[in-house]
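Novice: Take this sequence and fold it.
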Amino acid sequence: MPETKLSPELEAVVAAASAAAPAFAATEPAHRARAIVAVADALEAAKPRLVEIAMRETGLTEPRLNGEVTRTAVQLRLFAETIVAGGYLDARIDYADPAFVLGPRPDVRRTLLPLGPVINFSASNFPFAFSVLGGDSASILAAGCPLIVKAHSGHPELSNATAEIASTALREAGMPEGIFHLIHGREAGVQVLKDPRIKAGSFTGSINVGRLLADIAANRPAPIPFFGELGSVNPVFITADAIAERADEIASGLLTSVSGSAGQLCTKPGFIFVPEGADFEAAVVRSETPLPEHRLLDPRIAQSFNERRDAILGAAGVRAVVAGGVRFDEQGQGWAKPTIVAVSLDDFRASHDALVHEAFGPLTILVETPAGTDLAALMPEFYEGNLTGTVHLSEAEASGSTENFGELRALVAALAKQVGRVLFNGWSTGVAVTPAQQHGGPWPATSNDSSTSVGTAAITRFLRPVAFQNAPAAFLPVALRDDNPLGVPQAISPAGESQNWGSLV
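Specialist: Down below sits the predicted model:
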């Protein structure tokens with residue numbers, strides 16, 4: 001791949017980020033954490049102004065956006081805590097051991113160090129939580145990597161306003177100059193991604209664009225890691241006993257999950273597998289309440305959703321349970337109401353290519369499965385990877401005391417192989433911002449199925465392991481020093497323990 005000469009403006013951005021990398025990596029964890037908290041505080045202080053801009057640019061509602069600002073600030077504060085705790089550094093110390101079973105062992109110490117400048121391609125559907133200061137940006141800064149954000153074209157004014165807040169807060173907190181930049185334009189983002197000074201990339205968006213960017217990162221003369229969150233249909237399985245026990249409750253939850261934010265969520269449930277004859281459709285119809293139409297993010301997304309909806313409704317055997325619809329205004333903006341359709345498993349199989357792909361908007365498909373269907377086998381038959389998979393069980397099934405326990409365990413095991421998060425009796429559109437969260441999954445849910453973009457493990461995407469052998473104390477990273485001034489967790493292997501390996505087996 002030939003190198004692309006950057007424009008003077010982009011060259012200044014990348015050069016500044018590259019120059020700032022060593023100083024930023026060397027910042028004391030507590031100092032970096034305070035700076036990130038300062039960004040969170042400044043973001044929340046500007047909430048009314050930012051939400052007003054976001055409502056105008058995205059069509060999302062004020063309550064949704066207010067909550068998203070709070071979530072974004074919480075993410076930043078969570079990573080500040082992570083930095084101070086230090087466990088993410090995975091510090092390991094193997095003391096020198098002249099009696100090591102394989103011959104004398106040197107002193108070896110390993111930890112994780114920042115990669116260097118990272119470019120983050122922000123998302124359209126989360127103008128705060130996955131945008132300029134979203135989870136990717138938070139984990140990049142927390143890792144000690146200079147950040148270049150490629151703004152999403154769907155909310156440029158909001159991106160500029162948010163970036164100004166971040167830049168000011170970081171500067172006033174004493175962080176090195178050059179660690180935060182915002183750029184606009186897809187071509188500008190591609191050029192920066194190709195630059196050899198950029199050491200990683202992150203992205204949230206469509207499969208097609210994500211694959212393009214991942215290929216660019218992989219085909220550079222020196223390939224770099226690229227972490228893309230792409231597409232997901234998030235299948236749901238509901239048992240007959242669960243429907244008999246609480247059909248209306250499940251149906252109401254489904255409609256809320258599908259219609260929230262006009263269905264423009266990567267975790268929206270796209271397919272609901274229900275037993276044939278359980279009459280879950282009737283519960284959906286009963287639970288339907290008149291919902292106001294919701295503007296889709298932009299005219300392009302609205303048009304794509306309308307075309308996808310027409311294709312699904314036109315597939316053989318598909319029938320509308322909740323008709324929904326899309327209305328276009330004079331500006332070309334699309335306004336949608338949720339659509340729920342149903343299809344038999346045989347027709348679903350016959351129309352696989354027309355039905356199986358994500359519909360980015362308020363639409364979901366009920367797939368009716370005949371008695372005796374091997375539910376576990378449906379996952380590899382229809383899907384590659386997904387962010388989530390959900391199972392709704394009855395109270396007795398949840399206790400493991402029913403005859404179908406083995407089948408349900410097989411289903412859960414199949415889900416675990418193909419999703420990043422397995423849910424029970426809930427809805428995937430709720431993503432807790434918490435240390436144990438896993439927001440990722442096998443392709444095409446993400447481009448790297450061993451990572452997450454939510455939760456504290458997200459920080460490790462932007463770090464790399466380095467071992468130091470027989471290093472004088474003065475040259476060790478602070479996390480690897482014997483006096484451990486940061487108080488970080490250290491996994492220590494003392495001399496002599498190799499003599500007893502295997503004795504506990």
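Novice: Now residue 22: which helix or strand?
Specialist: helix 8-25 (DSSP states H and E).
Novice: wait, I meant residue 306
Specialist: Taking DSSP H and E as the criterion, residue 306 maps to helix 299-313.
Novice: what packs against that helix?
Specialist: strand 325-328, strand 334-337, strand 339-344, helix 352-355, strand 363-369 (3 or more C-beta pairs under 8 Å, 6 or more residues apart in numbering; DSSP states H and E). In this view, the C-beta of every residue, glycine as well, is placed from N, C-alpha and C.
Novice: Any chance you could list what contacts it?
Specialist: Contacts with helix 299-313, where a contact means C-beta atoms under 8 Å, 6 or more residues apart in numbering, come from 124, 264, 296, 318, 320, 324, 326, 328, 331-336, 339, 341, 354-355, 357, 359-361, 363, 365.
Novice: quick one on the thing from earlier: what about the helix holding residue 22, distance to the chain center?
Specialist: In terms of C-alpha atoms, centre = their mean, to the nearest Å, the centre of helix 8-25 is found 26 Å from the chain centre.
Novice: May I see the buried residues of that helix?
Specialist: Residues of helix 8-25 classed as buried by neighbour count (16 or more other C-beta atoms under 10 Å): 10, 13, 14, 16, 17, 18, 19, 20, 21, 24, 25.
Novice: Could you tell me which residues within stretch 286-297 count as buried?
Specialist: Going by neighbour count (16+ other C-beta under 10 Å), the buried part of stretch 286-297 is 287, 288, 293, 294, 295, 296, 297.
Novice: Return the mean pLDDT over the helix holding residue 306, rounded to an integer.
Specialist: Helix 299-313 comes out with an average pLDDT of 97.
Novice: tell me the angle of it relative to strand 363-369?
Specialist: 20 degrees (axes from the mean of the first three to the mean of the last three C-alpha atoms, to 10 degrees).
Novice: Next, count neighbours for residue 387.
Specialist: Residue 387 has 28 neighbours, counted by other C-beta atoms under 10 Å.
Novice: what kind of secondary structure is it in?
Specialist: At residue 387, secondary structure determined by DSSP: H, G, I helix; E, B strand; the rest coil is strand.
Novice: re the thing from before, looking at the buried residues of stretch 286-297, which are in strands?
Specialist: Members of those lying in strands (criterion: DSSP state E): 294, 295.
Novice: Pull the most distant pair out of the buried residues of stretch 286-297.
Specialist: The two members of the buried residues of stretch 286-297 with the most space between them (C-beta to C-beta) are 287 and 297, at 26.2 Å.
Novice: And the strands in the stretch 101-250 of the chain, which stretches?
Specialist: All strands of the stretch 101-250 of the chain, identified by DSSP state E, counting those that start in this stretch, fall at 108-114, 118-121, 147-150, 180-183, 200-204, 226-229, 236-238.
Novice: Go through the ones you listed and name the closest to residue 211.
Specialist: strand 226-229 (7.9 Å).
Novice: Please tell me how far the closest one is from the chain's geometric centre.
Specialist: So, by C-alpha atoms, centre = their mean, the centroid of strand 226-229 is 9 Å from its chain's centroid.
Novice: List of residues touching that strand?
Specialist: Here strand 226-229 makes contact (C-beta under 8 Å, 6+ apart) with 130, 136, 200-205, 210-211, 213-214, 217-218, 266, 387, 439-440, 445-448, 451, 453, 461.
Novice: Now the buried members of the residues you listed.
Specialist: 130, 136, 200-205, 210, 213-214, 217, 266, 387, 439-440, 445-448, 451, 453, 461.
Novice: Next up, the contacts around residue 388.
Specialist: Contacts of residue 388 (C-beta under 8 Å, 6+ apart): 232, 234, 267, 419, 420, 421, 422, 423, 428, 441.
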